[in-house]
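Trainee: Everything below, folded, please.
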Amino acid sequence: MQPRMKKQALSAEEIVKFLEKEKVGHLATVGPDGPYVIAVNYVVLNDKVYIHGRKEGGKKYDNLGFDERICFEVSRDYGYEVGDRPCKTETIYESAIGRGRARVLKDEESLTEKVLLAFAKKFAGHLSDPVIAEDKAKITGIIELSIDEWTGKHYKKSS
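Mentor: Take a look at the predicted model:
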């Protein structure tokens, strides 16, 4: 018989480490026509999550103008443990889910610069000097997620 998997809650410290190593999250917003989820790159700075994209327009910006409440999810799939019956097959994964509010940064050049530098280090850290082109920075919008509550869990083999 295969060992069973155990669901375990992640501690606050484990959630932070998990968020720092992953690169893609899913941002859920609500607009006048209902819920919307989009995959986004993100960074974590000073207990806030930041995402970026073009400065204006698009569904996520429209929805945030309608309702600032968000849900943010990050997960990593590590595979499956196959059991002796279909209902005994388990997905091995880690996940973190945060609920809170979002705001679009405006006229906060020093914070925007810090966030863009954090993105450059996280996603282009292999370069000796990851420079952000000024013309790209001018058209890039930053959304700050203030998370009120995080939950996280992982599945692992029972010993």
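
Trainee: Can you name the helix or strand that Lys136 falls in?
Mentor: helix 134-138 (DSSP states H and E).

Trainee: go on, Ile142?
Mentor: strand 140-157.

Trainee: okay, and for this structure, where does confidence drop off?
Mentor: 1-7, 128, 130, 156-159 (pLDDT under 70).

Trainee: The protein: helices as residue ranges?
Mentor: For the chain, applying DSSP state H gives helices covering 12-21, 59-66, 109-124, 134-138.

Trainee: Run the chain-centre distance for the strand holding Ile142.
Mentor: Here strand 140-157 is found 6 Å from its chain centre; the criterion is C-alpha atoms, centre = their mean, to the nearest Å.

Trainee: buried set for it?
Mentor: 140-145, 147, 150, 152-156 (16 or more other C-beta atoms under 10 Å). (Glycine included, C-beta is placed from N, CA and C.)

Trainee: Single out the most deeply packed of the helices of the chain.
Mentor: Highest mean neighbour count of the helices of the chain: helix 59-66, a mean of 17 (counted as mean count of other C-beta atoms under 10 Å).

Trainee: just the CA coordinates of that helix, formatted as CSV?
Mentor: Taking C-alpha atoms only, helix 59-66 is exported to CSV below (Å, rounded to 0.1, in the frame of the first residue of the first chain):
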residue,chain,number,x,y,z
LYS,A,59,-9.3,44.3,-17.7
LYS,A,60,-7.3,44.2,-14.4
TYR,A,61,-7.1,48.0,-14.3
ASP,A,62,-10.8,48.4,-15.2
ASN,A,63,-11.8,45.9,-12.5
LEU,A,64,-9.6,47.6,-9.8
GLY,A,65,-11.4,50.9,-10.6
PHE,A,66,-14.6,49.0,-9.9
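
Trainee: For that helix, give me every contacting residue.
Mentor: Taking C-beta atoms under 8 Å, 6 or more residues apart in numbering as the criterion, the residues outside helix 59-66 that touch it are 27, 29-32, 36, 38, 53, 70, 102-104, 141, 143.

Trainee: Please consider this matter closed, and thank you.
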